[in-house]
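J.: compute the structure for the input listed below.
(3 chains, ligands or ions: 4)
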Amino acid sequence: MKTFSLYVPRDSLIHRINPIDKILYTITAIAVPLILPSMAASFLCMLISLSLLAAARVVRQSLPVFAFVFLILCTVVLIQGWFYPGNQTPLFGVEPFVFHAEGLMKACRIGIRVTNVVAAFLLLVLTTKPADLVEELVRRGLSPRIGYVLDSIFQILPQMMNTTRTILDAQRSRGLETEGSLWVRVKAFLPLIVPVVMSSLIHAKERALALEVRGLHFEGQRTWLREKRTYPYSREIRGGLLLVLTASIVWRILG
Amino acid sequence: MSKIRVEHLKYRYPSSEKLALDDLSFEVDEGEMIGIIGRNGAGKSTLCQAFVGLVPHFYRGAYGGKVVVSGLEVLKSSVSQLARRVGIVFQNPFTQVTGSKWTVYEEVAFGLENLGVPRKEMIDRIDYALQLLGMEKYRDRHPFDLSGGQMQRMAIASVIALQPEILVLDEPTSQLDPQGSEEVFRAVHRLREEGMTVILAEHNMEKIARYCNRVMLLDGGKIIDFASPASVFSRADLTRYGVVPPVYTRVCRELNAKREGSPHFPVTLEEACEVLKGR
Amino acid sequence: MSRVVVKDVCFSYRSGEEVLKGITLDFDEKSTAIIGQNGAGKTTFVKLLKGLLKPTRGEIYILGRSANEMTAAALAPFIGLVFQNPNDQIFRSTVLEEVMFGPLNIGEDPKGARKKAEEALEMVGLTEKASENPHDLRLSEKKLVCVASIVAMEPEILILDEPTIAQDHAGMAAIRQVIRRFKEQGKLVMGILHDMDFAAENFERVVVFHQGTVVADDDPREVFSRESLLQRAGLEVPHITRLGWSLGRKETFLTEAELIQSLRGEGSTDR
Ligand SMILES: Nc1ncnc2c1ncn2[C@@H]1O[C@H](COP(=O)(O)OP(=O)(O)OP(=O)(O)O)[C@@H](O)[C@H]1O
Ligand SMILES: Nc1ncnc2c1ncn2[C@@H]1O[C@H](COP(=O)(O)OP(=O)(O)OP(=O)(O)O)[C@@H](O)[C@H]1O
Ligand SMILES: [Mg+2]
Ligand SMILES: [Mg+2]
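T.: Residues are numbered from 1 along each chain as shown, chains lettered A, B, ... in the order given. Ligands and ions are numbered 1, 2, ... in the order given. Okay, the predicted model is just below:
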């Protein structure tokens, strides 16, 4: 079955870091540029996130996402360059489409911010197996029920796709034409949306039975199939992140 | 002391007007294997789910009487509390996959994790259960990428790994190949010899006759008969309840060949051979 | 005349793991039971016939048409498949609509479709449930609804994937009736079965799948005589056959009636 997560299995130090530490990193990398609005801070955070992506050897997998982001940023450059209210210094172009220095600077700042946020998220998403993250959260006191829901969310989409395919298969078998032009496909697909959702709900109800009798709501101490993993440098990472956060807050207040 | 005690159990599903279980009373001892038979809709699955507490806790509906399993009164215990003592395999293998695990191995571990079985023991139990059902080969497969029979095997393994005191099986081998089904029955038989109590709803009468020590015939939610396989399957009015006896019994009845000194017809291969030998 | 021709067909769900390894078969109108171990590739095979999967190698002809080049929908009027899991198919809000869906798709007018659907429901004994929501039915009934929904399309070729699951005696009788009806009309019926007794009684030909290959293909009496082969393929002989052999008979009995006759016959000469 296809997986829905973007996780890329690699053997890198970043992959071995505690998922929770990675979440903390993502939060910090997003928070610092908010606390310190200077361009340098954002730029630095972005650089760090990008180099961590490189260290995790997932640059290639992040390229499609960056390409998409870049496309959107292009429109930002155009709009800000031309129409930013603070525009004063024209650089090049013909009326009314003249690029201004202020607008381009603004676009640049937005670009760096966005890239930073995306890179920080990608670092988490590309190097962390969702199940590992959920397990770590449950070990730290998240309710196993919520853990189950989170785990199944990562499977729900592929499962829905599977269900859609099987139901579609069954209706094809009974003469419903689903191949051919876009219109044929859409016409075949629309009436199936309700049944697919229905069928998922019914499955969910029957599945709930199976979960109940396998103790999903059991109140006692639970255990794990996998050994509790020890993640490297956890203390250092947390200490470091805390330090960076405090430092930037202090800087902000003093500066 | 009896392992299961049912007193005047009555149950009606919320969406229905008629009783699905109508005033059942019986007891089952430790180590017994009880076969539940009856036509489609007789109430077999409903009764099975009454042992694990899904009836009434999950479905709600109108409930009367008392069911005590392993010393726990079902009405007063939660499904999870009961889950430690009673395990159930459902009729449809396609709908008992958790949908949160990525491999067959993890899938079997699901219940063990919830019930807090220590890790080392968990691994032993999973390995044992997978091996028992011939599923080691597929341990790293995604649970949804299995054939129908393989899914059913996984479902059985998941419950056997829980090592319940009472095992409830609702048509557990309908999609298994003949040898696979026989292996499951042998495995269950072994577990029974180790003291497990087994309840089995099944349409395969030959298996019931071979493996169960008592048979409960249900119709319209009522107990019609609850006795030895030979006695139940020798009833002349069995077909009135939508049930046909094992082929061995049918042949012997046709030839009017009863067991010596017994009012009953043979129900297993061995018994049939005994009375038909020399013909 | 050949209804279905399968030439050296291979298939795999993931590369490197061949599920079907070069199947060559030819089906005329003889009703055929397909038996084999779990995971042997039976369901995969019939999905290929139905055009739902396309072979990685080899060719399939359905009534002279190449299945490789036709969509499943285009094949629908000729070949009907009842799925192993009824939940895969059921999607309308009443039983009658569910059963009418197929006939309507293949060009039947609403009145004709309704008539065929009602007949099919009658055949499987579900007339009374026609206006119920199929999702609310029991597993055994859902399975019969699926059978009816294919029967109503009156295909030339009918494939049943484990039809006897969850059926009681009456349900089995209904399925037997469907098979008989198709046979009488000279149509090809194929059934995937784990119930050897049912296979022996109701089919004229038995094909044994084992790990993606066909290891036996003959009439039932022949196939069920080969105990060691069945053993290897995860199967067993029918109960009645076993009883006959245990009583020292050499022949392979396939039905109760045959054995009883044999026992009666000899019993009377003894006396
Ligand atoms: N969820 C439900 N809601 C309402 N009625 C139900 C429900 N499940 C079962 N019933 C009804 O309860 C009665 C007993 O059904 P049950 O499923 O226990 O029969 P069964 O003997 O297991 O049949 P089968 O052999 O088909 O599995 C039937 O009349 C059925 O229609
Ligand atoms: N969607 C899938 N993805 C990957 N592998 C699959 C998929 N479906 C089936 N398989 C594998 O292909 C093999 C053949 O499966 P198939 O469903 O054809 O078996 P079968 O003979 O019908 O078995 P059963 O009697 O258990 O239904 C099995 O080993 C199964 O695990
Ligand atoms: Mg049932
Ligand atoms: Mg199959």
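
J.: hey, let's count contacts and neighbours off CA atoms from now on
T.: Noted.

J.: any idea how many residues pack against residue C:63?
T.: Neighbourhood size, residue C:63 [other CA atoms under 10 Å in any protein chain shown]: 18.

J.: I'd say it and residue C:3 touch.
T.: Yes. Counting by CA atoms under 8 Å, residue C:63 touches residue C:3, with 4.8 Å between them.

J.: next, the contact list for the most centrally placed residue in chain C, please.
T.: Centroid-nearest residue in chain C, with CA atoms, centre = their mean: residue C:191, separated by 1.4 Å. By CA atoms under 8 Å, 6 or more residues apart in numbering or on different chains, residue C:191 lies in contact with C:32-34, C:159-163.

J.: residue in the stretch 51-200 of chain A nearest to chain B?
T.: Relative to chain B, the nearest point of the stretch 51-200 of chain A is residue A:152 (4.3 Å; CA to the nearest CA).

J.: please name the nearest non-neighbouring residue to that residue.
T.: Distances taken as CA to CA, 6 or more residues apart in numbering or on different chains place residue B:100 nearest to residue A:152, at 4.3 Å, with adjacent residues excluded.

J.: quick check: the one you found touching residue A:147?
T.: No. Residue B:100 is beyond contact range of residue A:147, at 9.5 Å (criterion: CA under 8 Å).

J.: return the residues in contact with the residue of the stretch 1-150 of chain B found nearest ligand 2.
T.: Nearest residue of the stretch 1-150 of chain B to ligand 2, counting by CA to the nearest ligand atom: residue B:149, 3.3 Å away. Neighbouring residues of residue B:149 by CA under 8 Å, 6+ apart: B:175-177, C:38-39.

J.: and of those, the nearest to residue C:146?
T.: In terms of CA to CA, no member of the contacts of residue B:149 lies closer to residue C:146 than residue B:175, at 17.2 Å.

J.: ok, and the closest non-adjacent residue to the closest one?
T.: residue B:149 (5.0 Å).

J.: surely the one you found is in a helix?
T.: Yes. The assignment for residue B:149 by DSSP: H, G, I helix; E, B strand; the rest coil puts it in a helix.

J.: show the pLDDT at it.
T.: Predicted confidence (pLDDT) for residue B:149: 89.

J.: do you know how far it is from residue A:163?
T.: 19 Å (CA to CA, to the nearest Å).

J.: let's verify the residue of the stretch 51-200 of chain A closest to chain B: helix, strand, or coil?
T.: Assigned by three-state DSSP, the conformation of residue A:152 is helix.

J.: burial of it, as a residue count?
T.: Residue A:152: 18 surrounding residues under other CA under 10 Å.

J.: just checking, what packs against the lowest-mean-pLDDT helix or strand in chain A?
T.: When each helix and strand of chain A is scored by mean pLDDT, DSSP states H and E, helix A:182-213 comes last, with a mean of 80. Judged by 3 or more CA pairs under 8 Å, 6 or more residues apart in numbering or on different chains; DSSP states H and E, helix A:182-213 is in contact with helix A:144-173, helix B:79-83.

J.: what about the nearest residue to residue B:176 once chain neighbours are set aside, distance to residue A:40?
T.: Of all residues not flanking residue B:176 in the chain, residue B:149 sits nearest, at 4.9 Å (CA to CA, 6+ apart). Distance, residue B:149 to residue A:40, by CA to CA: 61 Å.

J.: same thing with residue C:169?
T.: In this structure, residue C:169 lies at 79 Å from residue A:40, with CA to CA as the measure.

J.: also residue C:131?
T.: Taking CA to CA, one finds residue C:131 at 70 Å from residue A:40.

J.: next one: residue B:136
T.: Taking CA to CA, one finds residue B:136 at 56 Å from residue A:40.

J.: cool, residue C:137 as well?
T.: Computed as CA to CA, the residue C:137 to residue A:40 distance reads 66 Å.

J.: near chain A, which residues of the stretch 51-200 of chain C? Just list them.
T.: C:52, C:71-77, C:80-81, C:83, C:87-92, C:101-103, C:105-106, C:135, C:150 (CA under 8 Å from any CA of the partner chain).

J.: tell me the helices in the stretch 1-150 of chain B, going along the chain?
T.: B:44-51, B:54-57, B:79-83, B:104-114, B:119-132, B:148-160 (DSSP state H, counting those that start in this stretch).

J.: what lies in contact with the third one?
T.: It stands for helix B:79-83. Helix B:79-83 is contacted from outside by A:212-219, B:52-54, B:57, B:72, B:74, B:164, using CA under 8 Å, 6+ apart.

J.: what separates the residue nearest the centre of chain B from chain A, distance-wise?
T.: Most central in chain B under CA atoms, centre = their mean is residue B:200, positioned 2.1 Å from the mean C-alpha point. According to CA to the nearest CA, to the nearest Å, residue B:200 stands 17 Å off from chain A.

J.: all the strands of chain A, residue numbers only.
T.: A:90-94, A:97-100 (DSSP state E).

J.: buried deepest among the ones you listed, which one?
T.: With neighbours defined as mean count of other CA atoms under 10 Å in any protein chain shown, the strands of chain A peak in mean count at strand A:97-100, which reaches a mean of 19.

J.: for that strand, C-alpha coordinates in CSV please.
T.: Provided in CSV are the C-alpha atoms of strand A:97-100 (Å, rounded to 0.1, in the frame of the first residue of the first chain):
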residue,chain,number,x,y,z
PHE,A,97,4.9,47.9,-14.0
VAL,A,98,8.0,49.5,-12.4
PHE,A,99,9.9,47.5,-9.9
HIS,A,100,10.8,49.5,-6.8
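
J.: strands paired with it, and their directions?
T.: strand A:90-94 (antiparallel) (DSSP bridges).

J.: tally of neighbours for residue B:65?
T.: As a burial measure, residue B:65 scores 14 neighbours (other CA under 10 Å).

J.: any idea how far residue B:246 lies from chain A?
T.: 31 Å.

J.: hey, which helix is longest across chain B?
T.: With secondary structure taken from DSSP state H, chain B has its longest helix at helix B:178-193.

J.: close to chain C, is it?
T.: Yes. Legend: contact between helix B:178-193 and chain C by CA under 8 Å from any CA is shown at B:178-180.

J.: closest to chain A out of those residues?
T.: residue B:180 (22.7 Å).

J.: that older thread, look at residue B:136 and residue A:40 and report which has more neighbours.
T.: Per other CA under 10 Å, whichever of residue B:136 and residue A:40 has more neighbours is residue B:136, with 16 against 13.

J.: burial of whatever residue of the stretch 101-250 of chain A ends up closest to chain C, as a residue count?
T.: Among the residues of the stretch 101-250 of chain A, residue A:175 lies closest to chain C, at 4.0 Å counting by CA to the nearest CA. By the measure other CA under 10 Å, the count of residues near residue A:175 is 26.
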